[in-house]
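*Asks:* Next input, structure requested:
(one chain, ligands or ions: 3)
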Amino acid sequence: MAHTDTVAAVRDAVAAAAPEIRAGLPGRREKSDDENPTGDRRLAADEYADELLEDRLGGLDGVGEYASEERAAVIDTGSGLSVAVDPLDGSSNLKPNNVMGTIVGVYDATLPAKGRTLVAAGYVLYGPITTMAFAHEGTTTEYLIENGEATTLREEVTLPDDPTVYGFGGRVPDWPDDFAAYVEAIESELKLRYGGAMIGDVNQVLTYGGVFAYPALESAPAGKLRLQFEGNPVGYVIESAGGRSSDGNGSILDVEPEELHDRTPVHLGNASLIDRLESAVD
Ligand SMILES: O=P(O)(O)OC[C@H]1O[C@](O)(COP(=O)(O)O)[C@@H](O)[C@@H]1O
Ligand SMILES: [Mg+2]
Ligand SMILES: [Mg+2]
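*Replies:* Ligands and ions are numbered 1, 2, ... in the order given. So this is what the prediction gives:
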């Protein structure tokens, strides 16, 4: 099967699963006793979304591996491209009923893989409406999802040239001094928009221009977000929309993975703001 057909099938399967994931949330807001491989207490909703996506994506022709933030190991599903999924991003937002997302990366390599091997990536945003940003062959498209069907809202989405928003994760006293100095420099130019789910925060940056970061912390030099499931796919979407991603040194897509559940500092946004970030934290 040609890669482009597999990519289209993955995109359509994620769109088809999105209303089902959304419909499954109301009764699954409580934390279970078990933890995912990076030590987060799982919600019933995380498990539900993971099982649904494993069933839908793992079953597609042309998909050879399924991996998820919620599973320790990669599942071999045949031969072809590898999909890496964050089934629910921002799941601590479920209790207070705030936005969340689903992230997917499609790698042409066995996992864990470098972001440069991505052939497509995207995310669903469960906001007041359900939308999807999906990047493939160098462009990012925004879709509306209704009844499991994706219809195009905007083609060749690019970050606006005149950025206006910023949002940074982690506790402020835990930020390294050089990152804190960067924040001080840009906060007089931009306004704070932070909701605590990466996809919600990143989609503000895609829409209005600006910068999102979950930086290296004093207590956690690799930050919080996971390279395969979060940093790479969202970095790919933002780079395909004309922005930049960085782990603090260069594009997240150039980070060499060691383990499936590796974490990475994540900085995303307009190129001018990420260039300044890299000079500040160098
Ligand atoms: O509230 P915290 O611990 O600062 O973390 C916020 C970050 O953690 C995340 O919720 C991690 O994603 P998951 O919900 O998929 O674990 C991001 O969406 C968000 O940017
Ligand atoms: Mg996440
Ligand atoms: Mg998650």
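
*Asks:* Get me the contact residues on the stretch 101-250 of the chain for ligand 1.
*Replies:* Selection of the stretch 101-250 of the chain residues close to ligand 1 by C-beta under 6 Å from any ligand atom yields 169-170, 196-198, 214, 224. Every C-beta, even on glycine, is put in place using the N, C-alpha and C of the backbone.

*Asks:* And the next helix or strand past whichever strand or helix holds residue 167?
*Replies:* Taking DSSP states H and E as the criterion, residue 167 maps to strand 165-168. Later in the chain than strand 165-168, the nearest helix or strand by DSSP H and E is helix 177-186.

*Asks:* packing partners for that next one?
*Replies:* strand 165-168, helix 271-281 (3 or more C-beta pairs under 8 Å, 6 or more residues apart in numbering; DSSP states H and E).

*Asks:* try 10 Å
*Replies:* If you count contacts as 3 or more C-beta pairs under 10 Å, 6 or more residues apart in numbering; DSSP states H and E, helix 177-186 packs onto strand 165-168, strand 210-214, strand 266-269, helix 271-281.

*Asks:* want to throw the ones you listed into CSV with mean neighbour count, distance to residue 63 and mean pLDDT?
*Replies:* Listed next are those as CSV, based on neighbours: other C-beta atoms under 10 Å; distance: least, C-beta to C-beta, whole Å; pLDDT from 0 to 100:
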stretch, mean neighbour count, distance to residue 63, mean pLDDT
strand 165-168, 22, 33, 98
strand 210-214, 27, 28, 98
strand 266-269, 28, 26, 98
helix 271-281, 17, 32, 97
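
*Asks:* As a markdown table, these with distance to residue 111 would be great.
*Replies:* Conversion of the helices and strands packed on helix 177-186 to a markdown table gives the following (distance: least, C-beta to C-beta, whole Å):
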| stretch | distance to residue 111 |
| --- | --- |
| strand 165-168 | 28 |
| strand 210-214 | 21 |
| strand 266-269 | 19 |
| helix 271-281 | 26 |
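
*Asks:* Which members of the residues of the stretch 101-250 of the chain next to ligand 1 are classed as buried?
*Replies:* 169-170, 197-198, 214, 224 (16 or more other C-beta atoms under 10 Å).

*Asks:* For these, which two are the farthest from each other?
*Replies:* Of all pairs drawn from those, the one with the longest distance (C-beta to C-beta) is 170 and 197, at 14.4 Å.

*Asks:* Quick check, pLDDT for residue 36.
*Replies:* Looking at residue 36, its pLDDT reads 87.

*Asks:* so it makes contact with residue 70?
*Replies:* Yes - shown here, residue 36 and residue 70 form a contact pair, counting by C-beta atoms under 10 Å, at 5.0 Å.

*Asks:* more neighbours, these two?
*Replies:* Remark: of residue 36 and residue 70, residue 70 carries more neighbours, 23 against 20, as counted by other C-beta atoms under 10 Å.

*Asks:* Give me the distance between the more buried one and ligand 3.
*Replies:* 7 Å (C-beta to the ion, to the nearest Å).

*Asks:* In the protein, what helix or strand scores lowest on average pLDDT?
*Replies:* Using mean pLDDT, DSSP states H and E, strand 31-35 stands out as the lowest-scoring helix or strand of the chain, at a mean of 81.

*Asks:* list the buried ones in the helix or strand just after that one?
*Replies:* Of the helices and strands lying after strand 31-35 in sequence (DSSP H and E), the nearest is strand 41-43. Buried residues in strand 41-43, counted by 16+ other C-beta under 10 Å: 42-43.
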